[in-house]
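Asks: Okay, sequence plus prediction incoming.
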Amino acid sequence: MPTRRDFLAGLSAVGAAGAAGCVQVGSTGRAPSAAASTGADAGDDTEVAAQLPSGTETEVYRATIDSVVGILNYGSNGPQGSGSGFVAGDGYVVTNQHVVAGARDVRLRFQDNTWRDAEIVGTDAYSDLAVLRPERTPAFATPLSWVDTDPEPPVGTPVMAIGSPYGFSGSASTGIVSGVDRVLSAPNNFTVADSVQTDAALNPGNSGGPLVTYDGGVAAVAARGGGDNLGFGVSAALSKRVVPALAATGEYEHSFMGVRLIEVSPTIAEAYDLGDVGGVLIVEVMDGGPAAGVLRGTDGETTVDGVSVPTGGDVVVGVGGTDVAVQADLSNYLALETSPGDTVPFRVVRDGAETTVEFELGARPDPTA
C-alpha cells in the first residue's frame with residue numbers, strides 16, 4: 001500500500017482550485033483501506049493511484065485516516081461519551097481533555113476495527129488536551145506530524161477535519177482556516193488561547209480529531225463546533241508545547257498573572273482618556289498572586305454615556321515587546337512565549353502616563369482546587 005509520503009508527494013504543487021474529490025463513508029463501520037476499496041494489490045502503487053478518485057481531498061484522507069481513532073469513554077455505569085483522536089509522537093494518542101473527562105476506562109477504535117484499551121497518561125483542562133497510551137498501537141497507525149508553526153497556516157489555508165461525528169467513524173469534512181489567534185471558550189468551562197477557527201463541519205464526536213492541511217500536517221486538534229460554518233481547534237503551536245509534557249510527565253504548567261481583566265471598550269477608553277480603543281484593563285489583582293504589588297486593579301467607578309465604568313486600574317498595552325490591543329494578544333503571548341518563573345515586562349497606562357513594570361509569572365492553580 002502506498003505510504004503517507006507517496007500520497008502526499010507533490011501536493012504542494014496542487015492549488016485548492018484543483019480539489020474536486022469527495023470521500024463518502026456509508027456507515028458507522030470502519031473506513032476501508034485504499035487497497036481494500038480499490039481491489040489493488042498492496043504493492044502496486046500505479047494501480048491504486050489510477051483507481052482513486054481525482055482531487056487532493058482523497059489523497060489527504062487516504063494518507064491520514066489510518067492514524068485517526070474513535071474514542072469511547074467508560075464511566076462507572078458504562079459508556080458515557082465518545083470522541084476522536086489521532087496517533088502522534090512515539091505512538092501515543094492525542095485527544096481533548098473533555099473527551100476523556102471522568103473516564104474509568106478508555107477504549108480506542110482503529111480504522112480496521114481493531115479495538116485497544118488505553119491509559120490516560122495526562123490531561124490539561126486549560127488547553128483541553130489529553131494524551132492516551134494504547135496497550136499496543138497497530139503498525140499501520142503511523143504518527144501524524146504537526147504543521148510548521150513559524151509561521152502558522154494563514155487564514156484561507158484548506159483543511160480537512162477527520163473523526164467520528166455522531167459515531168460515524170472515518171468521516172471527513174473540508175473547509176479552510178477561517179480565523180487564528182482566537183480565545184476559545186471550551187466545553188470544560190475554561191478558555192483556550194491561540195485557537196484556530198475553521199468552517200469545516202465539526203459535530204459532536206469530532207472532538208479530539210485532527211484538522212489537517214493538504215500537506216498532511218495537523219494544524220489543530222478539533223475541539224468544538226460553534227454553529228453553521230463555525231468550529232474551533234487547539235492550535236498546533238499550543239499543542240506542540242503541551243502534548244510532549246503530558247506524554248512525559250502527565251501534566252503541563254501554564255503561566256499565570258493572578259489578575260481579572262476586561263478588554264478596553266470605547267466607554268473605558270473615554271473614561272481613561274485613552275487616545276485609542278485598545279488594551280486590557282486590570283479589574284482585580286489576586287492577593288498574594290504573581291502581580292500583587294506590581295499591577296493595580298480598579299478601585300472606583302464613573303459613568304460614561306450612562307454606562308458604569310470601573311476606574312483606577314492599570315491598562316496593559318504591551319507585554320514582552322508585543323503590543324496588546326485585545327485580550328487574545330495577552331493570552332496568546334503568555335501561552336506561547338512564556339513559562340512559570342519567567343520575569344516579563346508589561347507596558348501599562350497608569351494615571352494617564354505609560355510606564356513599564358515587571359514581575360515573575362506564576363503557575364496556574366489546579367483547576368479542581
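Replies: Cool, the structure landed. All values reported here derive from a predicted model rather than from experimental measurement.

Asks: Report whether Asn332 is found in a strand, as I expect.
Replies: No. Asn332: not assigned to a strand; according to DSSP: H, G, I helix; E, B strand; the rest coil it is helix.

Asks: What pLDDT is listed against it?
Replies: On pLDDT, Asn332 comes in at 96.

Asks: List the contacts of Ser308.
Replies: 301-302 (C-beta atoms under 8 Å, 6 or more residues apart in numbering). From N, CA and C alone the C-beta is placed, and that goes for glycine too.

Asks: Please work out how many residues are found near Leu230.
Replies: 15 (other C-beta atoms under 10 Å).

Asks: Likewise for the one 4 residues further on?
Replies: By other C-beta under 10 Å, the residues close to Val234 number 29.

Asks: who's in contact with it?
Replies: Counting by C-beta under 8 Å, 6+ apart, Val234 makes contact with 96, 127-129, 184, 192, 195-196, 220-221, 223.

Asks: Just to be careful, could you list which of these are in helices?
Replies: Among these, none falls in helices (DSSP state H).

Asks: which of the residues in stretch 113-126 are buried?
Replies: Using 16 or more other C-beta atoms under 10 Å as the test for burial, stretch 113-126 gives 114, 116, 118, 120-126.

Asks: Apologies, that question was intended for stretch 304-313.
Replies: Buried residues in stretch 304-313, counting neighbours by 16+ other C-beta under 10 Å, are found at 309-310, 312-313.

Asks: of all these, which comes closest to Asp150?
Replies: Gly313 (34.9 Å; C-beta to C-beta).

Asks: these two touch, right, the closest one and Glu301?
Replies: No. Using C-beta atoms under 8 Å as the test, Gly313 is too far from Glu301 to be in contact (10.7 Å).

Asks: beta partners of Thr198?
Replies: For Thr198, the beta-bridge partners under DSSP bridges are Val177, Gly231.

Asks: Just the pLDDT for it.
Replies: 97.

Asks: residues contacting it?
Replies: Contacts of Thr198 (C-beta under 8 Å, 6+ apart): 159, 161, 175-179, 211, 220, 231-233.

Asks: again, only this time at 7 Å
Replies: Applying C-beta atoms under 7 Å, 6 or more residues apart in numbering, we find Thr198 in contact with 159, 175-178, 211, 231, 233.

Asks: Could you do Asp181 as well?
Replies: 194, 328, 332.

Asks: Tell me the bridge partners for the closest residue to Val99 other than its chain neighbours.
Replies: Distances taken as C-beta to C-beta, 6 or more residues apart in numbering put Gly83 closest to Val99, at 3.4 Å, once the chain neighbours are dropped. With DSSP bridges as the criterion, Gly83 is bridged to Ile71.

Asks: burial count for Gly83?
Replies: Gly83 has 25 neighbouring residues, counting by other C-beta under 10 Å.

Asks: Do I have it right that it meets Pro204?
Replies: No. Look at Gly83 against Pro204 with C-beta atoms under 7 Å: they stay out of range, at 8.4 Å.
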